[in-house]
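*Asks:* Here you go, sequence then predicted model.
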There are 2 protein chains.
Amino acid sequence: MALEIKDILKKNKLSVTGSREKILSLFLNHEGALSHGDIEKKAGEKFDRVTVYRTLQTFLEKGIIHAIPTADNSIRYALCKDDCTEGHHHDHHIHFLCMHCHNTYCLDDIVTPEIKLPDGYVADQIDVLVEGVCKNCKASVTK
Amino acid sequence: MALEIKDILKKNKLSVTGSREKILSLFLNHEGALSHGDIEKKAGEKFDRVTVYRTLQTFLEKGIIHAIPTADNSIRYALCKDDCTEGHHHDHHIHFLCMHCHNTYCLDDIVTPEIKLPDGYVADQIDVLVEGVCKNCKASVTK
DNA sequence: TACAAAAAGGCAACATTGTTGCAAAATGTG
DNA sequence: CACATTTTGCAACAATGTTGCCTTTTTGTA
């Protein structure tokens, strides 16, 4: 695992540092997306707030993670699939926000649908956000 | 126009005040969505920041406006259609963010598509965000 | 391995954004 | 018009993001 993390960093021409390894491992070990706040909390007291901001920014630019829009002023981030490279995302899955556990999941198997736009509009990127109850919570609620 | 604004407020059982009239008129006179910051700027020095927050909150609760998620930490708001009432939105249009003019438009004619979720997931609300170039900007750019 | 250059981290100070409590002012109603 | 209720503005605060600068770490190279 530790090897895998270093490989990801190296593949993206990033120097291997403690904070990058730590933050990347948080993403690898957590199903679902993380907000900046989540990361600060999970990382403990180890890193400066500024370092977290800068690391996330770097990961975003390199295409290691992607940002997921939300309606509550707290952007969340999740790992990209392997075929994302710098400045070239292939982010066509949809995002699912569970109202119960408040996790955000990337549903990689669900592809964003085609959208017919009015004349004159040109689409570049499509984001689909679904809000509801996730698999895990559904199971425990109906129990 | 002034009458219309008061009517909207009264229909929602809100007292008619200067700030509510002003903020509502901003929405009525602006094609596209507004962020909190936009409103503060457009309103000039007239209102306290807190009043803007509280007014937006109230409008949201009453179903006069709806929130549009974004990936840049600045929620935008836009007027709801007439058939939205308190706690009961009919918000099935898609949202278009223009990368050129940075406006957000509600494309009321485009209905959110059906999404087939994996087993166990239950959808409650679907938000579609399309990023690209809008009609107006396309025209001026290709010129 | 040692070293210099480059990159990243930490700190402090600051800017922006959002929240809360309370007193003053405006609103709706009889 | 007077009164109860609602809304506003203010002040203080909390949380979140940003910037510059200096120190530490990392990297590539000899």
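*Replies:* Structure's in. What do you need?

*Asks:* Just the CA trace of the longest strand seen in chain A, in PDB.
*Replies:* Counting residues, the longest strand in chain A under DSSP state E turns out to be strand A:122-133. Taking Å, rounded to 0.1, in the frame of the first residue of the first chain, the C-alpha atoms of strand A:122-133 are listed here in PDB:
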ATOM      1  CA  VAL A 122     -22.400  24.100 -26.000                       C
ATOM      2  CA  ALA A 123     -21.700  21.600 -23.300                       C
ATOM      3  CA  ASP A 124     -18.200  20.900 -22.100                       C
ATOM      4  CA  GLN A 125     -18.800  19.000 -18.900                       C
ATOM      5  CA  ILE A 126     -21.800  17.400 -17.300                       C
ATOM      6  CA  ASP A 127     -22.200  16.800 -13.600                       C
ATOM      7  CA  VAL A 128     -25.000  14.800 -12.200                       C
ATOM      8  CA  LEU A 129     -25.700  14.900  -8.500                       C
ATOM      9  CA  VAL A 130     -28.200  12.500  -7.000                       C
ATOM     10  CA  GLU A 131     -29.500  13.000  -3.500                       C
ATOM     11  CA  GLY A 132     -31.100  10.100  -1.700                       C
ATOM     12  CA  VAL A 133     -30.400   7.200   0.600                       C
END
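
*Asks:* can you tell me if that strand touches chain B.
*Replies:* Yes: in terms of CB under 8 Å from any CB of the partner chain, part of strand A:122-133 sits within range of chain B, namely A:122-133. (Glycine included, C-beta is placed from N, CA and C.)

*Asks:* tally of neighbours for residue A:24?
*Replies:* By other CB atoms under 10 Å in any protein chain shown, the residues close to residue A:24 number 22.

*Asks:* How about the secondary structure of it?
*Replies:* When classified by DSSP: H, G, I helix; E, B strand; the rest coil, residue A:24 comes out as helix.

*Asks:* my guess is it meets residue A:64, correct?
*Replies:* Yes: between residue A:24 and residue A:64 a contact is recorded at 7.4 Å, counting by CB atoms under 8 Å.

*Asks:* which residues do those two both contact?
*Replies:* Jointly contacting residue A:24 and residue A:64 under the rule CB atoms under 8 Å, 6 or more residues apart in numbering or on different chains are residue A:8.

*Asks:* Excluding residues flanking it in the chain, which one is nearest the residue sitting nearest the centre point of chain A?
*Replies:* By CA atoms, centre = their mean, the mean C-alpha position of chain A lies nearest to residue A:78, the distance being 1.2 Å. In this structure, residue A:78 finds its nearest non-sequential neighbour in residue A:33, 4.0 Å apart by CB to CB, 6 or more residues apart in numbering or on different chains.

*Asks:* Next one: the residue in chain A sticking out farthest from the centre relative to chain B, how far apart?
*Replies:* Relative to the centre of chain A, and counting by CA atoms, centre = their mean, the farthest-placed residue is residue A:119 at 32.5 Å. Per CB to the nearest CB, to the nearest Å, residue A:119 is found 7 Å from chain B.

*Asks:* what's around the nearest residue to that residue once chain neighbours are set aside, how many residues?
*Replies:* Nearest residue to residue A:119, sequence neighbours excluded (CB to CB, 6+ apart): residue B:135, at 7.4 Å. Counted by other CB under 10 Å, the residues lying close to residue B:135 total 15.

*Asks:* relative to strand A:122-133, how tilted is whatever helix or strand comes next after the longest strand of chain A?
*Replies:* Downstream of strand A:122-133, the next assigned helix or strand under DSSP states H and E is helix A:135-142. Interaxial angle of helix A:135-142 relative to strand A:122-133 (axes from the mean of the first three to the mean of the last three CA atoms, to 10 degrees): 30 degrees.

*Asks:* Thanks again, I'm all set now.
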